[in-house]
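In: My questions concern the predicted model and sequence given below.
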Amino acid sequence: GAVVSQHPSRVICKSGTSVKIECRSLDFQATTMFWYRQFPKQSLMLMATSNEGSKATYEQGVEKDKFLINHASLTLSTLTVTSAHPEDSSFYICSARDLFAGLLPYEQYFGPGTRLTVT
Amino acid sequence: TQLLEQSPQFLSIQEGENLTVYCNSSSVFSSLQWYRQEPGEGPVLLVTVVTGGEVKKLKRLTFQFGDARKDSSLHITAAQPGDTGLYLCAGFFNKFYFGSGTKLNVKP
């Protein structure tokens, strides 16, 4: 099956700094990638949808300037948390899908997640 | 407010018992998926249902999509400790909407 990786798996940063999380599709081209946020013992919350070569579409309530998303290639999307604060500490998960490989539009493959802790 | 409501939120049962998790919405979805997630990991897809009234079986797990494609259920027969985890339903309508989650604990 399709494999999605995330890097790093865990990151600790100081308040006020920025941190970048990478999401890669390893064996397929991801025309669309999704970024989710998950708080402990809660469900996934969609933050934004990124399409290769175009600007990301953010969900209501998600700050575009704080969570910068770049999908510059068909295998890589990045999420940069700028000027991080302790309340940004969370589990960030990406998923990817490829419409051109015959996958059904609702199929998505999840990465293993990145645990961000802001001190 | 959550577009997809799951019930129960928490479930703690003994090994060998049966259980059902429900995923309900007032909206119609073109498809619905069930995932299981372990702590610190990404969700793993269990099944996708597309047709109203569809029933799919995966070993001891039975998934059903409501006739109106607004709700779904997951039934586990003879639960085992390995079934422990967070179960999430996700509906697709232009984008993905995740349910509130059901935390299942199966005690040996």
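Out: Sure, I can see it. Residues are numbered from 1 along each chain as shown, chains lettered A, B, ... in the order given.
In: Okay, now the sheet partners of the helix-or-strand element of chain B with minimal mean pLDDT, with direction.
Out: Least confident element among the helices and strands of chain B, by mean pLDDT, DSSP states H and E: strand B:95-98 (a mean of 86). Paired with strand B:95-98 in the same sheet, following DSSP bridges, are strand B:85-93 (antiparallel).
In: Determine how far the strand it pairs with lies from the middle of the whole chain.
Out: Computed by Cα atoms, centre = their mean, to the nearest Å, the chain-centroid distance of strand B:85-93 equals 6 Å.
In: quick one: low-confidence parts of chain A?
Out: Across chain A, residues meeting the criterion (pLDDT under 70) sit at A:1, A:99-106.
In: for it, what spans make up the helices?
Out: For chain A, applying DSSP state H gives no helices.
In: Name the residues of it found near chain B, please.
Out: Residues of chain A lying close to chain B (Cβ under 8 Å from any Cβ of the partner chain) are A:4, A:6, A:34, A:36, A:41-46, A:49, A:91, A:93, A:95, A:104-113, A:115. In this view, the C-beta of every residue, glycine as well, is placed from N, C-alpha and C.
In: Show the buried residues in the residues you listed.
Out: A:4, A:6, A:34, A:36, A:43-46, A:49, A:91, A:93, A:95, A:106-111, A:113 (16 or more other Cβ atoms under 10 Å in any protein chain shown).
In: Identify each of the strands in chain B and give its residue range.
Out: Secondary structure of chain B by DSSP state E: the strands cover B:5-7, B:10-14, B:19-24, B:31-37, B:44-49, B:55-58, B:61-65, B:71-76, B:85-93, B:95-98, B:102-107.
In: With distance to A:Thr17 and mean neighbour count as extra columns, can I get those in TSV?
Out: As requested, the strands of chain B are arranged in TSV below (distance: least, Cβ to Cβ, whole Å; neighbours: other Cβ atoms under 10 Å in any protein chain shown):
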stretch	distance to A:Thr17	mean neighbour count
strand B:5-7	36	17
strand B:10-14	36	13
strand B:19-24	39	19
strand B:31-37	29	23
strand B:44-49	32	17
strand B:55-58	44	13
strand B:61-65	44	20
strand B:71-76	41	21
strand B:85-93	30	22
strand B:95-98	30	19
strand B:102-107	33	17
